[in-house]
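**Q** My questions concern the predicted model and sequence given below.
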Amino acid sequence: MNYSCFIVKIINEPISSQFNDNISLVEITVQFPIVRKKKTINTFRVLIWGNLAEDIIKYYRINDYIIIEGYIRNFSEVGIPDQVEISAKKVYPFLLKNQTNNVN
């Protein structure tokens, strides 16, 4: 696996799952902000575990741009072409379109 860092746009609502041992998992579909004319993979899944997963549900929405760091898994190695997945270890806000200002 390769450890990488990307700026991506969230294109689908985050999907949350809870396991028996109270570990949270969030899956989001993201895309690269750069549009290329070549036929390349520009959308992929990001898996986020634990407390970071709960933060994703709480703070991020569709059309937000985030920076993700994590490990890439390419499914073409196991016979599933054109599918990429990243297990995120860190997530940072880059450009939040749906940000609300709650200043007291």
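**A** Noted; the coordinates are in hand. Numbers count the residues shown, from 1 in each chain.
**Q** my guess is residue 92 meets residue 67, correct?
**A** Yes - judged on CB atoms under 8 Å, residue 92 makes contact with residue 67 at a distance of 4.2 Å. The C-beta positions use only the backbone N, C-alpha and C, and glycine is treated the same way.
**Q** ok, longest strand in this structure?
**A** Longest strand in the chain by number of residues, with DSSP state E as the criterion: strand 84-95.
**Q** What are the neighbouring residues in contact with the residue most central in space within the chain?
**A** Taking CA atoms, centre = their mean, the centroid of the chain lies closest to residue 46, which sits 3.7 Å from it. Residues in contact with residue 46 (CB atoms under 8 Å, 6 or more residues apart in numbering) are 8, 27, 28, 29, 30, 68, 70, 85, 86, 87, 88.
**Q** Only whichever of those residues are buried, select them in ChimeraX.
**A** Command for ChimeraX, covering only those of the contacts of residue 46 found buried under the criterion 16 or more other CB atoms under 10 Å:
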select :8,27,28,29,30,68,70,86,88
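**Q** So which of the contacts of residue 46 sits lowest on pLDDT?
**A** Among the contacts of residue 46, residue 85 has the lowest pLDDT, at 83.
**Q** circling back to that earlier point, for residue 74, see how far away the residue nearest to the centre of the chain is.
**A** Separation of residue 46 from residue 74 (CB to CB, to the nearest Å) stands at 14 Å.
**Q** who has more neighbours, residue 92 and residue 67?
**A** Counted by other CB atoms under 10 Å, residue 92 and residue 67 do not tie: residue 67 has more neighbours, with 14 against 10.
**Q** what residues are up against the more buried one?
**A** Residue 67 sits next to 5, 6, 7, 8, 91, 92, 93, 94 when contact means CB under 8 Å, 6+ apart.
**Q** now swap in residue 5 and tell me
**A** 67, 68, 69.
**Q** show me where this structure has helices.
**A** For the chain, the helices defined by DSSP state H occupy 51-59.
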